[in-house]
Structure formats: structure tokens, C-alpha cells
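Novice: Quick one, what's the 3D model for this:
(chains A, B, C and D, ligands or ions: 4)
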Number of protein chains: 4
Amino acid sequence: MTLNIGVIGCGMIGRDHTRRLQQVLAGAQVVALSDVNQANAEGVQKDFAPNARIYATGEELIAAPEVHAVLVTSWGATHEPYVLAAIAAGKPVFCEKPLATTAEGARRIVEAEVQFGKRLVQVGFMRRYDAGYLALKEAVDKHTGAPILVHAAHRNPAVPEAYTTPMAIHDTMIHEIDVFRWLLNDDYVSARVLYPRNAARSHTKLRDPQVVVLETAKGVLIDVEIFVNCHYGYDIQCEVVGEDGVASLPEPMTVDMRLGAKRQSTILTDWKDRFVASYDVELNDFIGAATAGGATGPSSWDGYAAAVTADACVAAQSTSGEAVAIALPVRPALYA
Amino acid sequence: MTLNIGVIGCGMIGRDHTRRLQQVLAGAQVVALSDVNQANAEGVQKDFAPNARIYATGEELIAAPEVHAVLVTSWGATHEPYVLAAIAAGKPVFCEKPLATTAEGARRIVEAEVQFGKRLVQVGFMRRYDAGYLALKEAVDKHTGAPILVHAAHRNPAVPEAYTTPMAIHDTMIHEIDVFRWLLNDDYVSARVLYPRNAARSHTKLRDPQVVVLETAKGVLIDVEIFVNCHYGYDIQCEVVGEDGVASLPEPMTVDMRLGAKRQSTILTDWKDRFVASYDVELNDFIGAATAGGATGPSSWDGYAAAVTADACVAAQSTSGEAVAIALPVRPALYA
Amino acid sequence: MTLNIGVIGCGMIGRDHTRRLQQVLAGAQVVALSDVNQANAEGVQKDFAPNARIYATGEELIAAPEVHAVLVTSWGATHEPYVLAAIAAGKPVFCEKPLATTAEGARRIVEAEVQFGKRLVQVGFMRRYDAGYLALKEAVDKHTGAPILVHAAHRNPAVPEAYTTPMAIHDTMIHEIDVFRWLLNDDYVSARVLYPRNAARSHTKLRDPQVVVLETAKGVLIDVEIFVNCHYGYDIQCEVVGEDGVASLPEPMTVDMRLGAKRQSTILTDWKDRFVASYDVELNDFIGAATAGGATGPSSWDGYAAAVTADACVAAQSTSGEAVAIALPVRPALYA
Amino acid sequence: MTLNIGVIGCGMIGRDHTRRLQQVLAGAQVVALSDVNQANAEGVQKDFAPNARIYATGEELIAAPEVHAVLVTSWGATHEPYVLAAIAAGKPVFCEKPLATTAEGARRIVEAEVQFGKRLVQVGFMRRYDAGYLALKEAVDKHTGAPILVHAAHRNPAVPEAYTTPMAIHDTMIHEIDVFRWLLNDDYVSARVLYPRNAARSHTKLRDPQVVVLETAKGVLIDVEIFVNCHYGYDIQCEVVGEDGVASLPEPMTVDMRLGAKRQSTILTDWKDRFVASYDVELNDFIGAATAGGATGPSSWDGYAAAVTADACVAAQSTSGEAVAIALPVRPALYA
Ligand SMILES: [Mg+2]
Ligand SMILES: [Mg+2]
Ligand SMILES: [Mg+2]
Ligand SMILES: [Mg+2]
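Specialist: Ligands and ions are numbered 1, 2, ... in the order given. This next block holds a predicted model:
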């Protein structure tokens, strides 16, 4: 059985997911496309999905009877209404981050899904599907003993002038926020932000780097260096310290070379390369669950929890190192 | 367009490739199955390809009009006739190693394909598709300067009593034989085998370890340690020394752990895990080329060259360290 | 010319330094010994310095005309009076940490030395002589650009019940406090302490682990994990993040082994082994400077700055994550 | 008690050893110097040993009653007569490699020492004192099980035109020849040399690189890549494969840096830096044994065995890959 998918939003990521569904992954085909700019949809249709029908609006695409499941890869502000429409239609929906642009929006999706009574939404937190994080989680679960500390870094070579301090949370650290909840099987209770001096390559509207400190309900203390103008490369580090030992996120595979009096290996510079393999895995997971009529993987609740946490981190950016509390309502049984 | 594939041989590897084609990869479906033991074919049909038709013989499967392309994953001695039949039928064929059980058999396939006038055969030398070897090849091509030496090791934890000295070449080193020809873009001119004392865990019918030394037409000297009872793990090492520097095959991705006064990471013990990702890539390559009516990747000629080289290595196992010459006929233009 | 040294305090460290001076290093000999327990002095005399004279008190030893320079390796509370006496006698003195048990005591030594008008005191902060930290300092000075962040860890396998929370600063983190001032060529302006949950192996009188966050005058933010019951080993980590890149403290030299499906190397468990080579280097430095009549290396001022910082860190252990300010008086010209 | 040493040969290495004895190591002083060019001796006297007496000849220095022990650091051709003279005088003697310029010469020294009845000679094979090789030996003795294979490389960035093919053995591989006998506690029985094409940076009188294959009495097979124009650095590699696992020689300590899209660390380029610490240790060993009237460490017999092996390797450079046998006479009991 082949899953018929409709893709809303035919920009870079919608195009890439369509390619993936048509040319890489088994079990699904793209039968419908939509974009506010119809030329985008036509380009993707031409390149990857000649048999797909183009719909004028995401709502029409969601309503189309031949569409079994929906990918929302449009502009962030449109995610909430499209996901709500998919839930209303009872169709599985994969939504790229953010699930909604506000925590309240994410909560409305959670409530709609709870009312529907069954999981339909998967959020595009792809790091949970990365082989490195999966191996780290196994090491933590089996070998290090219960986690006590996490030391992490999210470094990016450079950002444009338009990138501001809160974006370091919403656009960059959002991945750590989600993946550490999953890695630790835990929830956050407070956030704190500490600043060194600004890096010389930073901008007037950006404090960079910053160190975000999160505490969890189980008492784990997490420090995350966010450095988006680190210059040298795109580098993701994570070390978990447990009762019995320490485990570290694997480095990307590299060739060790000895050249010119240097032992050396390549560091990635483009974030798109770092977790590229995990996009295949997350969509494969979506195809499997959607074919069975539901959703697994990162949930609406996870998207909501990430949004609430991100808001607390942004608030903490202005409290001179004071901790900001993070409180979630009771987790609905649907997400137990 | 979906490529219709027939699979001949429904043992472990045929079953796994069928799963891959049905559940993992886009663009192909398994429409026909055959096995000398029909129950095997029925098991694979039931588990992965309920719509596939079961044929009594490989020859009938090859002749079936709905079959566009063939996978030969049967017992080694049957590879040659099935591949020849596929060529005669003008159908693309993916053949697991060995292409044939003798160099003469492989050469008959080369001649049939040359006569057909177009490449139809891909041999299952999956290491060429491994991300690590691909990265090593890029490092050699771009950074180390022209290769001069290769130091390699192929270590396996243990083999049964039935495994004999020549099998260290035909079943184990055959992968190095192929992948170094590709890595260096070169041909072999001699082989030599040197023995240390036998390992305590070896058997009466097996000299283990052994060091095989190959020379290439361009003057590269390759030493390969083959140690099939090394006990500690399945470990593949390769270091290329060039005019300007050295590059090494990446280690498999691992989590670095600090536990019990040891910094440690896991070494694989099962060869099936080492290059597992490359099976997807090689079959994806086959699907693409076969859909276009031909074949790319490791060719009949590569299978033939590997067979000739393996025969020389086996001969060299009995020459007390003397070099045995390796000579190939002129390479047909089809494989230029 | 041979430097005649008197050693006050013949416990473990006094014994070891005497061995070093007598059997390892050129240029000095131990001519005088003293210990509150005379049997200790006699044991060291017998084992390493048969020609040394035993003095009843440290004061007499300092006053002895044949003694050119003094090593203070006695109980911490006695350091201050012995160092003051050596300064009064105009004799170079090497003092193990702490220089004094209070910041005020350390300041009295600074003032005495300033009044004397010349450096006579070297404090036993041996990490400044460690080849790893020296290499890191060179990397920071030449390659990483100006430092912005330091991430560090000081892990110890286990401590006895008598070890309390403030000792994590005074006995353990004191080394990071000194070595980062030197590494960054900077001074601290605030300290903050953050706690995760207590480790299961910790004790009722000890919060363990803890994360100490220091800010420097130049705006560097330093986080140091102190974990004295980490169980797995004695492990010192330090990563400096600068404008252009990152540099890490080298790991101790180890043999990489592949055994039993694990790639592994040894982690030290005894802190005495970690910087053992640097004791030779620091004493060699002392011999050279003392032979010339003065002192170089870690100064009284460094000892005082470390004491002030340690006090602030201890104060910060009770402020629920609030920063505690660190202020030093103007640095005397003697220590410019 | 201080050991009075006389140094014969005041070139680079004699100067450096004199500095070591005078300024670094305890227990010895240089009381006598000699050099064919007296200005060299005067320079060393002035810089490091103002109280040393200068002798016109090595023979007079050896005979001088104040000289307890001798260092031979003169031109290679003079080693044999000076060592023989020291033995005749019953004085411990440290001789830089080569012990003699011919195997016969080395054997005459062995015979003289055997006749004297007690070990007096230490040969300057410093790698046995290197912390890395010592750690490797411990790993092999305790963890890897009995050795079966050794893979090694000795790479040097460049050599002058005057460096010829046999020098790759006598000047370069001589260190591997000695250290592997010690590491494996074994003797060689054959040598074989295999050549790839010549490196582009090699010279007309030099085959470079070459692979020397040694077999031992216990059946260990050793391959050593000698590449003296490898360009990228001075790099010494050694991997021992045993019954239970593999152990590798530690890399020199380096700072891991992340800069400009490269993870990188420094590779040495000057051989003098690679084992510099071991010179202190070997001389310290000599001081201890000579003070007790004898010698330990690498013996005359080791120097003789190395010379015989080197001769076989040079012979094997001209046998087109044929093995050349290595046979030593019965080892005198003095060297058991
Ligand atoms: Mg698909
Ligand atoms: Mg498929
Ligand atoms: Mg001394
Ligand atoms: Mg000395």
C-alpha cells in the first residue's frame, strides 16, 4: 500500500522532502502540492512529482480525498492553521518546526489532537532520529548511570545581521531543547542565561555567544553554549555525565589526514549537512505511522513543551542571570 | 515509473534485499521470487512481497515478461548461468559476489556482455558505496597526492573449522581486492603472501593471520593483514600513504564513554553491521541504472579482475613468500 | 654551584620533593630537614638525604646559615608563619598550596614580600608547569583568537566522608582558579555556583557535583564542573573557545587498545599521577631562580588572588545561584 | 656520591648530554672533555662544565683517574676503540649508536666485555626509555596476548641528496630494529625488503619509501615502512597485533584545535623533538648503574644484534624481495 501525501509549502524544505518521498523512500508518493506562490509548487511538480495535483490553498489540499497525509513545510506563521485543519480532517500531519509561533498556538493544537482522541501530528525534530543521538541515548540508558549534568554546544560559523538575540533560542537552541527532553526523558523547570563578552564577529542586535542553563524536574543541570558566529564551523557537542561515567555525542564521520605537519579532519560548515541522514529516517517513521492512520515520534506535546521552554529562555535573556521558572500543565494521557 | 524486480535465491541475503526493495527504497518493487527450496521463496513472499509471483526456476523468472531486472542472490555456483541468462534476455542484473566461482566463468560473463554491447551487470561489491571509503577516495584524490603505499587490515572475530586458508582470499580479502582497485584506479601486477606463526585460535586447516602483499601497475605496494580469528572484533583498517600525506578509512561512528577507569567505545563484532548502510546505496544505484535499461557500479570486468587476482593470491599462499604475477587481458572498451 | 635547601614538613609531599632534589634534579641538595614529628624527618633523612641535618623547628631551619632556600611542605596552617620567616631571612621559599589558610594571611605575605622589595616566594601551583597546559596556552595565544568561554571539568573518583562542600573549592578547584588566571592572563570579577541534584555516591555534608561559573575582567565566562565522586576516574578537562576557534587540554598519553569488542585506553584514577611530571619542572624552576637569589613562577600575589577567589566561590555556594563579586586591591608593581 | 663523567666527542650530541648531566640530572658531573677539534671541547667547557678538564685524546680521558665513567659521543668510526679502551680500563661507558660501524666491530666489544666478566657498556638506544614504548610494552605484556604481527612506520619529512638507500637501514630503521627486539623479547631470523615505486621527492641514490619485513624466532612478522621523504612530518607508528587484541604506540601529546573548518593538531617535523624526554631517562639509568660500577639498559649484545640485523636488511635491499637469513651466535650468559 502506498501512502498518498500532500505537501503544503514548496520552498527549500518542501522541495527536499518531496524529492525524498519520490526518489529515496519506499511506501509513499506525493499526490498533491500547494504553495502561496504557485510557481514554487509547479517547480517541484516538474522536478519530482509530475503526477501530483496542484491546489490553490493548503486547506483545499488537506480536504482533497486522494490525500491521505499532509506535510506542512510552509512559512512558520501558517503551521498552526494547517495542522489544525489536518486534525479536523483526521489526517496524519508532519509539521516542520515550529509547530506554532507561540506556545498558546502549540497548545491549541495539543487540545485539538486530545479532543480528536488519537495522535495525528509529528513535529520535525529530526535530531531524535540521528544515529549519533540514538547511540548516545543507548549509552546513557545502559552505561553511564542516571544523568546528572549535560554539557553542550551549538556552534554555527556565521549569521546575518537580521539574526537577533531571541533567535538564538527560537531558531537555534530549539533543537537542544527538544532533544535533551527526549534524551533525558525529563522536563525542564527553569532556565537561566549567562553572557560572556560579545564576540568580535557578533552584531549590535545579537549577544553572542550565550550560555543557557536549564534545570530539569529530575535535577539534571544542562549548560548549552550557543555561539552562532563561531567562525570555524558548524559543530554540535553534547556530553552527558551520569552516576557511573560520561558519554559523548559522536563526531560526524571524517577521514583522518596527515598533511603539512598537521593531523587533520574536516569540520562541517553548513548545518544542512550535519543531520541530513536523519531527515530520511524521520519521514520513513512518518510514512509507517501515517499508513497505519496515526503518528509517532515527536508529538504536539513535545512541540508545545519546546515552545514554553523557548519562551522561558528568551525571558531569561533579560534577567541578568536570574533563573526563570518553566511550568507545563499536566501532560494529557494521549502523550504518556 | 517503478522497476519490477525478480529475485533469484531467497536465503538470508535475498530476503534482506527484498525487504530493502519493498520497505526502504523508492522506485522498485519485487514482482517475482524463486528459490531451489520453494519454501524459502514463500517465506519471503509472505513477509515482504505478497504480490510477487513465485517461479519454479531462475530461468523462468528471468524469462517472465513482467520482470524488468534481476537480483541473483542464490548459491555461488549458480551465479554464472543466471547472469548469462539475464544478459541473453537483455535484462539488467545485480549479482552478489562471486560473479562466478572461477575466473574463466567470470570471463564468459564479460564476453557475453561485451557481445551484447552494453553494460547490464552490477556486482555486489558494496564497499564502493560505503560513505567511509567514498570519503577516503576523495581525500586521496584531493589531498594526499598520488598513492605509494596502502596498509590495510581485515579482522574478523572467529571463523568455523570449515573455513580454510584459500577462503581467506575468496571470502574475506575479495572485498579489499575490489575496493583497492577502485580506490587507486589501478590494476594489480603481482601478489605475495607472508605468514607469521599461526594464531592460537586458528585451526589445522587454516593459516591465520596472513599478510597479502599486492603490487599495482602504477607501482603502489599494498599490504593487507587478513586475520579471521582475531577475537576482539570485526575491524576494517585502511591507510593510504601518498606523495604529500596520509589518509585513513574512518572508524565506524561510536559513542566515546568514560567508565571504570577506561575511555572506551564499541567495536563491531558482526561483519553484517559494518557496511550495512552501503547495501541500500548499491541497490539504489542499481534501481536507477536498471530503470534506464543498463547498469553502472562494479562491473563484470571488475568481478573478473577480482577473480583473477584472488586466484593469484591463493597460488601465492603456497610459494613461500614468492611473488605470483597477475596479468589481465586488454580491458574491453565497454569497461573503459 | 649547588643550592642548599631546607625542607620543612616531611610528610608525603616533603618526602617526595626531597627525593626529587636528591635523586632527580641537578643543582640542589637537601641539607636540612624539620618536622613536628621528628621521626618523619629521620625517615626522610635515612632514605634520601643522609647528610642533611635535622632541626627541631622550622624557624631554626630557616635561620640556619647553610640553608640557602626553603621548601614549606608542612601542614597548611603553618605555611604563613614559615613563609613570613623565610622572607624575613631573605631566603627564597617554595610553598605548597595553600600559601595561607585565609586571604588575609596570604595578603600579609604579599605585603611582607613587597616590603622586602624582591620576589622570594614561589607557590606550588604545579599545573602552570604541565606540558599540556603549556601547549594549550600556546594554542590560545597563537591560534584560537582572544578567549571568550572556558568549559572545564575536574573529576575525581571518590572522596571520604570528611570532605565537605567548601573543600570542593579550597582543595579541588583551587587549581583551576590559579591555572585559568595564568592561562587567560586575566582576573576574576565574579563567581556563581549552580547545583544539579546530588550524586548518589555523595555524602550528607557534600553537594556533589557542582558547577562553578567565573567571570573575568576581560569578559570571559568560565564554567567548571567539580565532581569529586565521579567514580570512573581522575579526569581533568579544559576547552577554550576563542574568537577564531577552540583548543582543548591534551589527554594524558595512553595506549589505544582493541580488546573484547572495545576500543579502549586507560583513565588515571589517582590525582598524584596526573601532573607528576610538572613537579620536577616547578622545582627545577625554583632551583634556578633561588640560585640567583629570587623567585619566579606562581607568586604570593597569585596565591592571594586564588585565596580571594576561593572565598568568593565558597560564599557563592550559599547564594542559590546568585553571583558573588570578586575584587582585588591594586596589584603591586612587584607582580606586574 | 656524585659520578664523575668524561665526555669524548663534543659535537651536537656530546654538548647536549653535557648540558643534561650538568643542568638537568642529579648524581653526576662532567669532569673531563675531549674532541678531535679542541675548540669544540672548549666551547662545551665554557657553556656547561667550567670545572671540566680538557684532554687531548679520548684515550687519555679514559685513563684519567678522576673519570669514573665515559660517554662516547664522537664520530661513529671512533666508537669501537674508545669503548674497548673503557672496557680495558674497567670503566662504565655509554656509547651513542652505532656501537661500531661493523657487526664484527660490535662483536669484538661483546667479546671484550664478556672477557671482562661484567657489563660495562650501555648503547644509546633511547627508545627503550620512551614513555610511549614503555606503555606499549606494558599493554603487550598484560593485555594483547602473545604478539603475532607488528605494523610500523618510520616517516621523516626529507633527507639530503647524500642520504642513500642503505642509510635508511643504518641511520633510520636501526631504532626499530633495536626497539622491537626489546618490545617483543625476541630475535630476528630473516629480513626482506619490498619496494613500491619511488616517491617523487626521492633522489637518484635512494629508493624511498621501502617496506622492510622481519621475521622473529617466535614467528612474529613485522612490517616497517621506512619513508624518509614523506614530506608531512616526523611520524613514528607502531601497532602490535596479539592473540587477544591490538595495541598502538601513543601519539605525541597534542592540543586538539578546531579552526577554519578543520579539526587539527600538530605533527612534529624534527626527529630531535620526538624522543627528547627519553634522553634524560637513559642517562639517568646510566648514572645509576655506573655509580654502582656497571651498566644496564641496551647492551653490547643488543648493539651487536642490531648491527647483524641491519647488515641483513641492507643485503635484502638487493635481493628483489627474497628473504635474507639472520643468524646470531649463542648469546653469552652475561646478556641472559
Ligand atoms: Mg516513495
Ligand atoms: Mg521500493
Ligand atoms: Mg639534586
Ligand atoms: Mg648533574
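Novice: With adjacent residues omitted, what lies nearest to whichever residue of the stretch 201-336 of chain A sits closest to chain C?
Specialist: Ranked by CB to the nearest CB, the top residue of the stretch 201-336 of chain A for proximity to chain C is A:G219, at 2.7 Å. To be clear about C-beta, it is placed using only N, CA and C from the backbone, and glycine gets the same treatment. Nearest residue to A:G219, sequence neighbours excluded (CB to CB, 6 or more residues apart in numbering or on different chains): C:R197, at 2.7 Å.
Novice: and the one you found, how many neighbours?
Specialist: As a burial measure, C:R197 scores 18 neighbours (other CB atoms under 10 Å in any protein chain shown).
Novice: And A:K46, by the same measure?
Specialist: Neighbourhood size, A:K46 [other CB under 10 Å]: 9.
Novice: quick one: the helices in the stretch 201-336 of chain A?
Specialist: Applying DSSP state H, counting those that start in this stretch to the stretch 201-336 of chain A gives helices spanning A:271-274, A:276-291, A:300-316.
Novice: quick one, what contacts the residue nearest to A:G219?
Specialist: For C:R197, the contact set (CB atoms under 8 Å, 6 or more residues apart in numbering or on different chains) comprises A:I148, A:K218, A:G219, A:V220.
Novice: residues touching the third one, list them.
Specialist: Okay, so that is A:G219. For A:G219, the contacting residues are A:I148, C:P196, C:R197, by CB under 8 Å, 6+ apart.
Novice: could I get these as a markdown table with secondary structure and pLDDT?
Specialist: Output for these, formatted as a markdown table (DSSP: H, G, I helix; E, B strand; the rest coil; pLDDT from 0 to 100):
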| residue | secondary structure | pLDDT |
| --- | --- | --- |
| A:I148 | strand | 98 |
| C:P196 | coil | 98 |
| C:R197 | coil | 98 |
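Novice: distance of the spatially most central residue of chain A from A:V159?
Specialist: Among the residues of chain A, A:F125 comes closest to the average C-alpha position under CA atoms, centre = their mean, at 2.8 Å. Look at A:F125 and A:V159: by CB to CB, to the nearest Å, they are 21 Å apart.
Novice: Same check on A:E282?
Specialist: Per CB to CB, A:E282 is found 25 Å from A:V159.
Novice: neighbour count winner among those two?
Specialist: Using other CB under 10 Å as the criterion, A:E282 and A:V159 rank with A:E282 on top: 24 against 19.
Novice: Could you chop chain A up by domain?
Specialist: Here the domain parsing of chain A from automatic domain parsing is A:3-127+A:277-300, A:142-271.
Novice: a markdown table for those domains, including distance to B:F227?
Specialist: Formatted as a markdown table, the domains of chain A follow (distance: least, CB to CB, whole Å):
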| stretch | distance to B:F227 |
| --- | --- |
| domain A:3-127+A:277-300 | 31 |
| domain A:142-271 | 22 |
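Novice: so which of those domains gets nearest ligand 2?
Specialist: Closest to ligand 2 of the domains of chain A, according to CB to the ion: domain A:3-127+A:277-300, at 3.9 Å.
Novice: Quick one: mean pLDDT for that closest one?
Specialist: The average of the pLDDT scores along domain A:3-127+A:277-300 is 97.
Novice: do that domain and ligand 2 meet at all?
Specialist: Yes. Domain A:3-127+A:277-300 comes into contact with ligand 2 (CB under 5 Å from the ion), by way of A:A26.
Novice: quick one: A:S74 and A:G14 touch, right?
Specialist: Yes. A:S74 is within contact range of A:G14, at 7.4 Å (criterion: CB atoms under 8 Å).
Novice: Now do the contacts for A:T102.
Specialist: A:A307.
Novice: measure it to B:G117 for me?
Specialist: A:T102 is 65 Å from B:G117, where distance means CB to CB.
Novice: and what of A:F116?
Specialist: 60 Å.
Novice: the more surrounded of these two?
Specialist: More neighbours surround A:F116 than the other of A:F116 and B:G117, with 14 against 8 (other CB under 10 Å).
Novice: Skipping adjacent residues, who's closest to that one in space?
Specialist: Using CB to CB, 6+ apart and skipping the chain neighbours, the partner closest in space to A:F116 is A:I87 (5.4 Å).
Novice: That neighbour: what secondary structure?
Specialist: helix (DSSP: H, G, I helix; E, B strand; the rest coil).
Novice: Now do the contacts for A:G297.
Specialist: Contact analysis of A:G297 by CB under 8 Å, 6+ apart lists A:Q122, A:V123, A:F125, A:R128, A:Y129, A:E282, A:D285, A:F286, A:A289.
Novice: one more time with 7 Å, if that's ok
Specialist: Contacts for A:G297 (CB atoms under 7 Å, 6 or more residues apart in numbering or on different chains) come out as A:Q122, A:R128, A:E282, A:D285, A:F286.
Novice: what's the distance between it and A:I174?
Specialist: For A:G297, the distance to A:I174 - CB to CB - is 16 Å.
Novice: where exactly do the strands run in the stretch 1-150 of chain A?
Specialist: Ranges of strands in the stretch 1-150 of chain A, per DSSP state E, counting those that start in this stretch, are A:3-8, A:28-34, A:53-55, A:69-72, A:93-95, A:121-123, A:147-155.
Novice: any idea how far A:R53 is from the residue nearest to A:A64 when sequence neighbours are not counted?
Specialist: Counting by CB to CB, 6+ apart, A:A64 lies nearest to A:A32, which is 5.7 Å off, once chain neighbours are set aside. From A:A32 across to A:R53, the span is 5 Å (CB to CB).
Novice: Could you do A:P209 as well?
Specialist: Remark: distance between A:P209 and A:R53 (CB to CB) = 47 Å.
Novice: which of these two has more neighbours?
Specialist: Neighbours were counted for A:P209 and for A:R53 using other CB under 10 Å; A:P209 has more, 26 against 17.
Novice: That one contacts C:P147, correct?
Specialist: No. When contacts are counted by CB atoms under 7 Å, A:P209 is not listed as touching C:P147 (11.6 Å).
Novice: number of nearby residues for the nearest residue to A:E138 once chain neighbours are set aside?
Specialist: Spatial nearest neighbour of A:E138, chain neighbours left out: B:V255 (7.7 Å); criterion: CB to CB, 6+ apart. Under the neighbour criterion other CB under 10 Å, B:V255 is assigned a count of 23.
Novice: Would you confirm that B:V255 contacts A:L134?
Specialist: No. At 9.8 Å, B:V255 does not count as touching A:L134 under the criterion of CB under 7 Å.
Novice: Chain C contacts on the stretch 1-150 of chain A?
Specialist: Selection of the stretch 1-150 of chain A residues close to chain C by CB under 7 Å from any CB of the partner chain yields A:I148, A:L149.
Novice: switch the cut-off to 8 Å
Specialist: A:G145, A:A146, A:I148, A:L149 (CB under 8 Å from any CB of the partner chain).
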